[in-house]
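Q: any chance you can model this:
(2 chains)
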Amino acid sequence: MSEENEVITGIDAPVALKYNFTAGAAAARFLTQVKKGVLTGQRCPKCSQVYVPPRGSCAACGVPTEEEVELSDKATVQSFTIVSIPIPNNPIQPPYVIANLVADGANISFIHLMSECVNEEVHIGQRVQAQWKPQEEWDYAMDNIRYFTPIDEPDVPVEKIGHVPVSGWEG
Amino acid sequence: MANLAAVVGIGQTKYTTKRGDVSIAGLVREAAVNALADAELTWNDIDAVILGKAPDMFEGVVMPEIYLTDALGCNGKPMLRVHTAGSVGGSTAIVAASHVQSGTFRRVLTVAFEKQSESNAMWALSSPQPFSTHLNAGAGGYFAPIIREYMRRSGAPYDVGIKVAVKDRLHGARNPLAHLQKPDITMKEVEESFMLWDPIRFLESCPSSDGACAMVIANEELAGQSPKKPAWIRGAAMRSEPTMYAGREEVSPQAGRDCAADVYQQAGITDPRRDLDVAEIYVPFSWYEPMWLENLGFAPEGEGWKLTMEGATSLDENGDIPWNPSGGVLSSNPIGASGMIRFAEAARQVRGDAEQHQVEGAKLAMGHAYGGGAQFFAMWVVGAEKS
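A: Numbers count the residues shown, from 1 in each chain, chains lettered A, B, ... in the order given. Below you'll find the predicted structure:
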C-alpha cells in the first residue's frame, strides 16, 4: 500500500485569533471622535508637535499629551508607494497607492489609501482630502475614511510638509 | 570593563524556500550541531542557550523556546529568548556575548531561526488595529515610501538599487549556503522584474527562506584553547527608538547612527570605510545599501549611492569595503536568523573561513541588523586579533 508508506511531513492547521482591543484613553477618545467624522490629534506640551492618531504621550519628549486638537481632513502626501503585489485575503485589488499623509494641523504622518487618482501622477507634496464612507456606516475605526483623493491645490514644498496649519494650505 | 569573548564555533543550515524534511526543532538542532562540530565541542560544554526569532505570530508557535529546549540540549540549563523583530538575530548574539563578557557563563550557545514555509509573515505583520486603516501591504509597503524619500533627497540615479540587487546575488553565488543562486543575473533582468511596491522590484527584495544559524561564544581562556581561530568580539551595541514620533528621521534613524558610533568607539574605529575590511549589513531591500552606507558613516550624507556605483562594496569589482560577501539578506532571508547570519558571516571573515566569498586578509569585520520599522539596531565588530 503506497498510502501507508507516504510520510506526512506537515499538515495545514489554520488558527483563528479573535481578541478584544482595549484602546486606552487617548485612542478611545480619537476613535469616539472618528465615529462622528472628526479627526482629533493631541499636542505635546513640551515640543508642541501634534500627534494623530494620538497615543497619549509624545515618544520624543517622554511626556503625556492631553490637549486635544481638531484636525482637518485635508492632508499632504509625505511619501507613497504603488502596491502591485497581490496579497491573500486583501479586498483591495492591486495596483493601489498607499501614502504617508500628514493631516493639516498635525506634525506626523499616518498611512492611508489613495484612490480616484492616476497612480503614476501621485507625488510628494500633493494635496489630498478624505473621502468618508456614508455616515450610517461610521464606526470606531479609521476605516470610516474610505480613501484620500487628490484636490486642486498647489503642492506643498518638501520643507513645509508636516507643518501645514489646520486652516489649510494656500500655496 | 567587560571580559573578552570570542566566537569559537559557527553553524548554519542551507537556506532554501522550504525545509520539508525537518521540523522547527530539527532545523535549529541542525544549526546547533554544526556550530558544536565547528568548535569541536559537545552539548555538555555549553553552560546556557540564548535563542532568538521573529515574533511568534509568524509560525503561530507561541513561546517556541520552551518546546525547543530538548532540541537544543538545554533541559536543566539556563535559556533566554530575545525579541527585537527583524534585528533579533543580531540582538540575540549580543545578549549571548554579554553573558560571557560579564563572566556569568564561560561558554554559551546562541541560535536564531525562521521557518518561513510554515509561516505567513505578510499576514503576521498586518494585524488590524482600529486606529489605523487595514492595508495589509507587508514590510515592502512600509519601507517603499522611505526609500522613495531617500531617492528624492539624494538625487541618486534610478539604477542604484538594481546594481545592489545584482552585486549581492553575484556574492551569493559564491556562497553554497545562500538561498538564491543566480550567477548569471543581469541589471536588465532586475530592471525588468515585477514592480512589487514601487520603487521596489521583485529582484530588489529578499526571498522568503527557511533556515537557522548558531554560534558558540566562549570566554578568553576557553577561546584560547579553541582548535580553530576565534573571532574576537571587539565591540557590541544595541539601540532602539520609537517607531512613531513627530519629526522622526526615517531615512537615517538616530538609533542607527548612535549604535554605530558606540560600536566604533569600542572597537577603536574612526573611519569605518578605511578601518574595517568587510561588513555584513542587513539589506532586505536593495536601496537600503546606500541608505545604510550613510547611516553607518561609510559615506557622507547623500553620497552612499556613489560607493555602490563605484563598486566599492563589490567583491567582484575588488571594492575596498565589500558589503555582504555572503550574498546578504537579499540572497537568504530566514527572518529571525538573518541578523545572526550577518554577525556569523562577519566572524567567518576574520577567521579566514569564508571560502569562496572570503575577503582576502580580512582582520576586522562588522555585523549589523535592523528590525521593526527600522527602530531596532544591533551591531558588532569582530577581529582576528584580541585588540
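
Q: packing partners of the longest strand along chain A?
A: Of all the segments of type strand in chain A, defined by DSSP state E, the longest one is strand A:74-83. Packed against strand A:74-83 by the contact rule (3 or more Cβ pairs under 8 Å, 6 or more residues apart in numbering or on different chains; DSSP states H and E) you find strand A:96-103, strand A:127-132, helix B:138-154, strand B:195-198. C-beta here means a position set from N, CA and C on the backbone, and glycine is covered the same way.

Q: starting at the chain centroid, how far to the helix or strand following the last one?
A: Helices and strands here follow DSSP states H and E; after strand B:195-198, the next one along the chain is strand B:200-201. Relative to its chain's centre, strand B:200-201 lies at 21 Å (Cα atoms, centre = their mean, to the nearest Å).

Q: wait, does the least confident helix or strand in chain B by mean pLDDT contact chain A?
A: Between all helices and strands in chain B, the lowest mean by mean pLDDT, DSSP states H and E belongs to helix B:121-124, at a mean of 77. Yes. Using Cβ under 8 Å from any Cβ of the partner chain, helix B:121-124 reaches chain A at B:122, B:123.

Q: give me every residue that touches the residue located most distally from the centre of chain B.
A: Residue distances from the centre of chain B (Cα atoms, centre = their mean) peak at residue B:130, which lies 32.9 Å from the mean C-alpha position. Taking Cβ atoms under 8 Å, 6 or more residues apart in numbering or on different chains, we find residue B:130 in contact with A:21, A:23, A:27, A:31, A:140, A:141, A:142, A:143.

Q: within reach of chain B, which of those are there?
A: Near chain B, by the rule Cβ under 8 Å from any Cβ, you find A:21, A:23, A:27, A:31, A:140, A:141, A:142, A:143 out of the contacts of residue B:130.

Q: so which of those are in helices?
A: Of the ones next to chain B among the contacts of residue B:130, the ones assigned to helices by DSSP state H are A:27, A:31.

Q: wait, a helix at residue B:96?
A: Yes. Secondary structure assignment (DSSP: H, G, I helix; E, B strand; the rest coil) places residue B:96 inside a helix.

Q: could you report the pLDDT at residue 111?
A: Since you didn't name a chain, this refers to chain A. Model confidence at residue A:111, given as pLDDT, is 93.

Q: that was the other one, I meant chain B.
A: Listed pLDDT for residue B:111 reads 98.

Q: please name the nearest non-neighbouring residue to residue A:52.
A: Among residues not flanking residue A:52 along the chain, residue A:41 sits closest, at 3.7 Å (Cβ to Cβ, 6 or more residues apart in numbering or on different chains).

Q: residues in a beta bridge with the one you found, which ones?
A: With DSSP bridges as the criterion, residue A:41 is bridged to residue A:69.

Q: any of the ones next to chain B among the contacts of residue B:130 buried? List them.
A: A:23, A:27, A:31, A:140, A:141, A:142, A:143 (16 or more other Cβ atoms under 10 Å in any protein chain shown).

Q: nearest to residue A:73, of those?
A: The closest of those to residue A:73 turns out to be residue A:142 (Cβ to Cβ; 11.7 Å).

Q: that closest one: what's it in contact with?
A: A:34, A:53, A:110, A:112, B:130, B:131, B:132, B:133.

Q: number of nearby residues for the third one?
A: Looking back up the chat, that one is residue A:110. Counted by other Cβ atoms under 10 Å in any protein chain shown, the residues lying close to residue A:110 total 21.

Q: so it touches residue A:99, yeah?
A: No. Between residue A:110 and residue A:99 there is no contact under Cβ atoms under 8 Å: 9.5 Å.

Q: could you measure from the nearest residue to residue B:129 once chain neighbours are set aside over to residue B:244?
A: Closest residue in space to residue B:129, ignoring its immediate chain neighbours: residue A:21 at 6.9 Å, by Cβ to Cβ, 6+ apart. Computed as Cβ to Cβ, to the nearest Å, the residue A:21 to residue B:244 distance reads 18 Å.

Q: between the two ends of stretch A:98-117, how far is it?
A: Start and end residues of stretch A:98-117 are separated by 12 Å (Cα to Cα, to the nearest Å).

Q: stretch B:181-199 now?
A: Here the two ends of stretch B:181-199 are set 24 Å apart, with distance taken as Cα to Cα.

Q: same question for stretch A:96-111.
A: 13 Å.

Q: and it, how far out from the chain's middle?
A: 6 Å.

Q: related to what we said a few turns ago, export the helices and strands packed on strand A:74-83 as TSV, with columns for distance to residue B:329 and mean neighbour count.
A: Shown next, in TSV, are those (distance: least, Cβ to Cβ, whole Å; neighbours: other Cβ atoms under 10 Å in any protein chain shown):
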stretch	distance to residue B:329	mean neighbour count
strand A:96-103	23	23
strand A:127-132	34	18
helix B:138-154	11	21
strand B:195-198	16	23
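
Q: could I get these as TSV with distance to residue B:327 and mean pLDDT?
A: Formatted as TSV, the helices and strands packed on strand A:74-83 follow (distance: least, Cβ to Cβ, whole Å; pLDDT from 0 to 100):
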stretch	distance to residue B:327	mean pLDDT
strand A:96-103	30	96
strand A:127-132	40	98
helix B:138-154	19	94
strand B:195-198	20	96
